[in-house]
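Trainee: sequence isn't available, so here's the structure alone:
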(Lines give C-alpha, C1' and ligand atoms only; values in the text may rest on other atoms or scores of the structure.)
Protein backbone atom coordinates (compact mmCIF):
# COMPACT_ATOMS: atom_id res chain seq x y z
CA UNK A 1 0.00 0.00 0.00
CA UNK A 2 1.24 3.48 -0.84
CA UNK A 3 0.45 6.40 1.44
CA UNK A 4 0.97 10.10 0.87
CA UNK A 5 1.57 12.99 3.26
CA UNK A 6 2.84 16.48 2.45
CA UNK A 7 4.86 15.99 -0.77
CA UNK A 8 5.96 12.47 0.23
CA UNK A 9 4.83 9.02 -0.82
CA UNK A 10 5.66 5.95 1.27
CA UNK A 11 5.42 2.39 -0.04
CA UNK A 12 4.63 0.39 3.08
CA UNK A 13 5.51 -3.00 1.58
CA UNK A 14 8.89 -2.01 0.15
CA UNK A 15 9.67 0.59 2.84
CA UNK A 16 10.46 3.04 0.03
CA UNK A 17 10.09 6.80 0.41
CA UNK A 18 9.84 9.35 -2.38
CA UNK A 19 9.21 13.07 -2.59
CA UNK A 20 7.57 14.49 -5.70
CA UNK A 21 8.54 11.32 -7.59
CA UNK A 22 12.21 11.31 -6.50
CA UNK A 23 13.43 8.48 -4.31
CA UNK A 24 14.55 9.54 -0.82
CA UNK A 25 17.17 7.45 0.95
CA UNK A 26 15.88 6.15 4.27
CA UNK A 27 17.45 3.45 6.42
CA UNK A 28 15.54 0.30 7.30
CA UNK A 29 14.72 1.03 10.96
CA UNK A 30 13.42 4.59 10.42
CA UNK A 31 11.40 3.25 7.46
CA UNK A 32 9.92 0.50 9.66
CA UNK A 33 9.08 3.11 12.30
CA UNK A 34 7.47 5.34 9.66
CA UNK A 35 5.45 2.36 8.41
CA UNK A 36 4.26 1.71 11.96
CA UNK A 37 3.17 5.32 12.45
CA UNK A 38 1.40 5.45 9.08
CA UNK A 39 -0.39 2.13 9.66
CA UNK A 40 -2.54 3.83 12.33
CA UNK A 41 -1.79 7.58 12.46
CA UNK A 42 -4.33 8.21 15.24
CA UNK A 43 -2.68 5.77 17.65
CA UNK A 44 -0.18 6.77 20.30
CA UNK A 45 2.64 4.19 20.20
CA UNK A 46 4.52 3.47 23.41
CA UNK A 47 8.28 2.94 23.37
CA UNK A 48 7.63 -0.74 24.14
CA UNK A 49 5.33 -1.10 21.10
CA UNK A 50 7.89 0.62 18.89
CA UNK A 51 10.71 -1.57 20.18
CA UNK A 52 8.58 -4.70 19.67
CA UNK A 53 7.66 -3.75 16.10
CA UNK A 54 10.94 -2.31 14.83
CA UNK A 55 13.39 -4.46 16.80
CA UNK A 56 11.46 -7.70 17.46
CA UNK A 57 13.27 -10.21 19.61
CA UNK A 58 16.30 -7.95 20.07
CA UNK A 59 17.51 -6.29 23.22
CA UNK A 60 18.18 -2.64 22.49
CA UNK A 61 18.04 0.49 24.60
CA UNK A 62 15.26 3.06 24.41
CA UNK A 63 17.87 5.43 22.98
CA UNK A 64 17.40 3.84 19.54
CA UNK A 65 13.75 4.93 19.62
CA UNK A 66 14.79 8.55 20.34
CA UNK A 67 17.41 8.44 17.57
CA UNK A 68 14.99 7.10 14.98
CA UNK A 69 12.23 9.52 15.99
CA UNK A 70 14.84 12.28 15.60
CA UNK A 71 15.75 10.99 12.15
CA UNK A 72 12.09 11.08 11.05
CA UNK A 73 11.64 14.57 12.51
CA UNK A 74 14.70 15.73 10.57
CA UNK A 75 13.12 14.40 7.36
CA UNK A 76 9.53 15.57 7.90
CA UNK A 77 9.78 18.40 10.43
CA UNK A 78 9.48 18.55 14.20
CA UNK A 79 5.69 18.75 14.00
CA UNK A 80 5.43 15.39 12.19
CA UNK A 81 5.63 13.35 15.40
CA UNK A 82 4.18 14.47 18.71
CA UNK A 83 5.59 13.24 22.03
CA UNK A 84 3.10 12.41 24.76
CA UNK A 85 4.89 12.36 28.10
CA UNK A 86 4.82 8.90 29.72
CA UNK A 87 2.61 7.61 26.86
CA UNK A 88 4.53 7.56 23.61
CA UNK A 89 4.52 9.06 20.14
CA UNK A 90 1.87 9.87 17.54
CA UNK A 91 2.05 10.77 13.85
CA UNK A 92 0.63 14.27 13.23
CA UNK A 93 0.63 14.84 9.46
CA UNK A 94 -2.51 14.07 7.41
CA UNK A 95 -2.13 10.76 5.56
CA UNK A 96 -3.98 9.60 2.45
CA UNK A 97 -3.82 6.47 0.35
CA UNK A 98 -2.27 7.20 -3.02
CA UNK A 99 -3.73 4.07 -4.59
CA UNK A 100 -7.19 4.44 -6.12
CA UNK A 101 -9.96 2.56 -4.37
CA UNK A 102 -11.74 0.27 -6.80
CA UNK A 103 -15.38 -0.28 -5.90
CA UNK A 104 -16.80 -3.67 -6.71
CA UNK A 105 -20.19 -3.91 -8.39
CA UNK A 106 -23.11 -4.52 -6.03
CA UNK A 107 -23.97 -7.88 -7.64
CA UNK A 108 -20.58 -9.41 -6.79
CA UNK A 109 -20.81 -8.65 -3.07
CA UNK A 110 -22.21 -11.41 -0.87
CA UNK A 111 -25.56 -10.73 0.77
CA UNK A 112 -25.09 -9.68 4.39
CA UNK A 113 -26.84 -11.68 7.09
CA UNK A 114 -30.26 -10.35 8.02
CA UNK A 115 -30.28 -8.13 11.10
CA UNK A 116 -32.26 -10.78 12.99
CA UNK A 117 -29.78 -13.57 12.26
CA UNK A 118 -27.78 -14.53 15.35
CA UNK A 119 -24.02 -14.28 15.03
CA UNK A 120 -21.74 -16.30 17.28
CA UNK A 121 -18.05 -15.74 17.82
CA UNK A 122 -17.18 -19.06 16.19
CA UNK A 123 -19.41 -18.51 13.19
CA UNK A 124 -17.74 -18.18 9.81
CA UNK A 125 -19.92 -15.12 9.29
CA UNK A 126 -18.94 -13.45 12.56
CA UNK A 127 -18.35 -9.80 11.84
CA UNK A 128 -20.37 -9.74 8.63
CA UNK A 129 -23.39 -8.45 10.48
CA UNK A 130 -21.36 -5.52 11.80
CA UNK A 131 -19.83 -4.80 8.39
CA UNK A 132 -23.25 -4.99 6.73
CA UNK A 133 -24.89 -2.84 9.42
CA UNK A 134 -26.12 0.36 7.80
CA UNK A 135 -24.50 3.53 9.12
CA UNK A 136 -27.95 5.01 9.76
CA UNK A 137 -28.33 2.59 12.69
CA UNK A 138 -25.08 3.53 14.41
CA UNK A 139 -26.05 7.02 15.62
CA UNK A 140 -29.36 5.96 17.22
CA UNK A 141 -27.67 2.92 18.75
CA UNK A 142 -24.87 5.06 20.18
CA UNK A 143 -27.42 7.57 21.53
CA UNK A 144 -29.36 4.74 23.19
CA UNK A 145 -26.24 3.34 24.84
CA UNK A 146 -25.09 6.76 26.03
CA UNK A 147 -28.58 7.57 27.31
CA UNK A 148 -28.70 4.30 29.25
CA UNK A 149 -25.28 5.02 30.74
CA UNK A 150 -26.36 8.52 31.83
CA UNK A 151 -29.53 7.16 33.44
CA UNK A 152 -27.55 4.43 35.21
CA UNK A 153 -25.03 6.99 36.44
CA UNK A 154 -27.76 9.27 37.81
CA UNK A 155 -29.44 6.44 39.74
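Mentor: Ah, there it is. Quick caveat, the model's predicted, so the values are computed rather than measured. Numbering: from 1, shown residues only.
Trainee: what is the neighbour count of residue 32?
Mentor: When neighbours are defined as other C-beta atoms under 10 Å, residue 32 has 18 of them. Quick note: C-beta positions are derived from backbone N, CA and C, even for glycine.
Trainee: Three-state assignment for it, please.
Mentor: Secondary structure state of residue 32, per DSSP: H, G, I helix; E, B strand; the rest coil, is helix.
Trainee: contacts only, for it.
Mentor: Counting by C-beta atoms under 8 Å, 6 or more residues apart in numbering, residue 32 touches 15, 53, 54.
Trainee: among the residues you listed, which ones are buried?
Mentor: 15, 54 (16 or more other C-beta atoms under 10 Å).
Trainee: looking at the contacts of residue 32, which are in helices?
Mentor: Counting by DSSP state H, the contacts of residue 32 place 53, 54 in helices.
Trainee: thought residue 64 was touching residue 29, still the case?
Mentor: Yes. In this structure, residue 29 is within contact of residue 64 by C-beta atoms under 8 Å, at 7.4 Å.
Trainee: now list whatever residues contact both of those two.
Mentor: Contacts common to residue 29 and residue 64, judged by C-beta under 8 Å, 6+ apart, are residue 55.
Trainee: number of nearby residues for residue 30?
Mentor: Count around residue 30 with other C-beta under 10 Å applied: 20.
Trainee: in CSV: the contacts of residue 32, plus pLDDT.
Mentor: Formatted as CSV, the contacts of residue 32 follow (pLDDT from 0 to 100):
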residue, pLDDT
15, 92
53, 93
54, 94
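Trainee: can you show me the strands along the chain?
Mentor: Remark: strands assigned in the chain by DSSP state E are 2-5, 8-11, 16-19, 22-24, 81-84, 88-91, 96-97.
Trainee: lowest-confidence helix or strand of this protein?
Mentor: None of the helices or strands of the chain scores lower by mean pLDDT, DSSP states H and E than helix 128-132, at a mean of 40.
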